[in-house]
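Novice: sequence plus the predicted model coming up.
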Amino acid sequence: MTEPVEASAPLMVLDAPEVLPAAFLPYGPAVIANYFQKGGTGKTEVTRAMIEQAAKYGLPVVGIDLDPHANLTAGLGIDLVADEANLANLLTGRWRGSIKELLVKRSDNLFIVPSNIDMPLVEQDLQSVKFREERLRTAIQPLLDEGFLVVLDCPNNPGLLNDNALIAVSKEKGALDDVRRGLVMVVQLEGSSVHSLELLLDQVDSLNDNTRYEARLLGWVANLVEGNTRIAKKTRDSLGELPLHALGEIPKRTHAKDAWDAGQFVGEYDPKSDLLPLHRQICWNILRTLRA
């Protein structure tokens, strides 16, 4: 069963420090998936926040755009890859290179593996590939060998890409593994989120009980929060009854979309944005939970 933690354990501190404590360094390799098989929750915004703040903490970071809709790629002003050397071909075996050849440098210690024009076909093409659910886990190993924090921006729909993400952030039972791995659930404070999260918990329990892998749930982030409405409060209370950490909440802000349209991180677009302390807090909470 899913490893129990204190229900909705309050990880928040009033102000996450701008310098990562020495206890967190050296951090070592890790892989996190921002995951939820429901559209519209803003997984990409949380991914953008996470990789921007982790890079500011001085960690070597790679963000991987697994979504055929390519929101992470487009939202950072990166062109879709049209060459043979791309993520889709790496996952399906049509290209035999290393994922390190696909890195697009965004800053000194932040890189992106962009989506590409072939990604919409990956689900279909993976059907005939051996060990198809483990292709991403194998592909990212060179990044983990070099100590990167890898953050996966996952698709909305259930399918083989999300299965690959789930396996990539799962421990192999009985195997020596110095890589820290975990899932972050990105939800909205609305009634359907609780039901969807319960289904996802069942999926993770099934993985843990019936395969050689075991996934770790780091907790949930509530995104696009629009005030403390009755529905939001009720949903927050219901989420608090689940065996998951509450990692933080991000309010809905127009300048988050404006930054995306400009191909920038929020901190680049508006260095004084009130979202930045919240982004740093969520990054802090995720890193601290991952280290526990």
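Specialist: The structure has been received and is ready for your questions.
Novice: now the residue nearest the centre of the chain, what's its secondary structure?
Specialist: Central residue of the chain (CA atoms, centre = their mean): N34, 2.6 Å from the mean position. The three-state label given to N34 by DSSP: H, G, I helix; E, B strand; the rest coil is strand.
Novice: quick check: bridge partners of it?
Specialist: With DSSP bridges as the criterion, N34 is bridged to D153, V184.
Novice: can you tell me how far the residue of the chain most remote from its centre sits from T41?
Specialist: Largest separation from the mean C-alpha position in the chain: R230, at 28.5 Å (CA atoms, centre = their mean). R230 sits 20 Å away from T41, going by CB to CB, to the nearest Å. Heads up, the C-betas are built off the backbone N, CA and C, glycines and all.
Novice: is the residue nearest to the centre of the chain in contact with R48, as I believe?
Specialist: No - using CB atoms under 8 Å, N34 is not in contact with R48, being 9.7 Å away.
Novice: for S107, give me its contacts.
Specialist: Neighbour list for S107: A55 [criterion: CB atoms under 8 Å, 6 or more residues apart in numbering].
Novice: tell me the phi and psi of it?
Specialist: phi -160, psi -170 (degrees, to the nearest 10).
Novice: quickly list what it is bridged to.
Specialist: Residues in beta-bridge contact with S107 (DSSP bridges): L110.
Novice: and the pLDDT for it?
Specialist: pLDDT, S107: 90.
Novice: cool, and A23?
Specialist: 68.
Novice: swap in P277?
Specialist: 90.
Novice: and what of I286?
Specialist: 92.
Novice: distance between the helix or strand that contains it and the chain's centre?
Specialist: Per DSSP states H and E, I286 falls inside helix 275-291. Mean-position distance between helix 275-291 and its chain equals 13 Å (CA atoms, centre = their mean, to the nearest Å).
Novice: dump it to PDB, keeping only the CA atoms.
Specialist: Output in PDB follows, covering the C-alpha atoms of helix 275-291 (Å, rounded to 0.1, in the frame of the first residue of the first chain):
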ATOM      1  CA  LEU A 275       4.300  34.200  -7.100                       C
ATOM      2  CA  LEU A 276       8.000  33.800  -6.700                       C
ATOM      3  CA  PRO A 277       8.100  33.400  -2.900                       C
ATOM      4  CA  LEU A 278       5.300  30.700  -3.300                       C
ATOM      5  CA  HIS A 279       7.300  29.000  -6.000                       C
ATOM      6  CA  ARG A 280      10.400  29.000  -3.800                       C
ATOM      7  CA  GLN A 281       8.300  27.600  -0.900                       C
ATOM      8  CA  ILE A 282       6.900  24.800  -3.000                       C
ATOM      9  CA  CYS A 283      10.400  23.900  -4.400                       C
ATOM     10  CA  TRP A 284      11.700  23.900  -0.800                       C
ATOM     11  CA  ASN A 285       8.900  21.700   0.400                       C
ATOM     12  CA  ILE A 286       9.400  19.200  -2.400                       C
ATOM     13  CA  LEU A 287      13.200  19.000  -2.000                       C
ATOM     14  CA  ARG A 288      12.800  18.600   1.800                       C
ATOM     15  CA  THR A 289      10.300  15.800   1.400                       C
ATOM     16  CA  LEU A 290      12.500  14.100  -1.200                       C
ATOM     17  CA  ARG A 291      15.400  14.200   1.200                       C
END
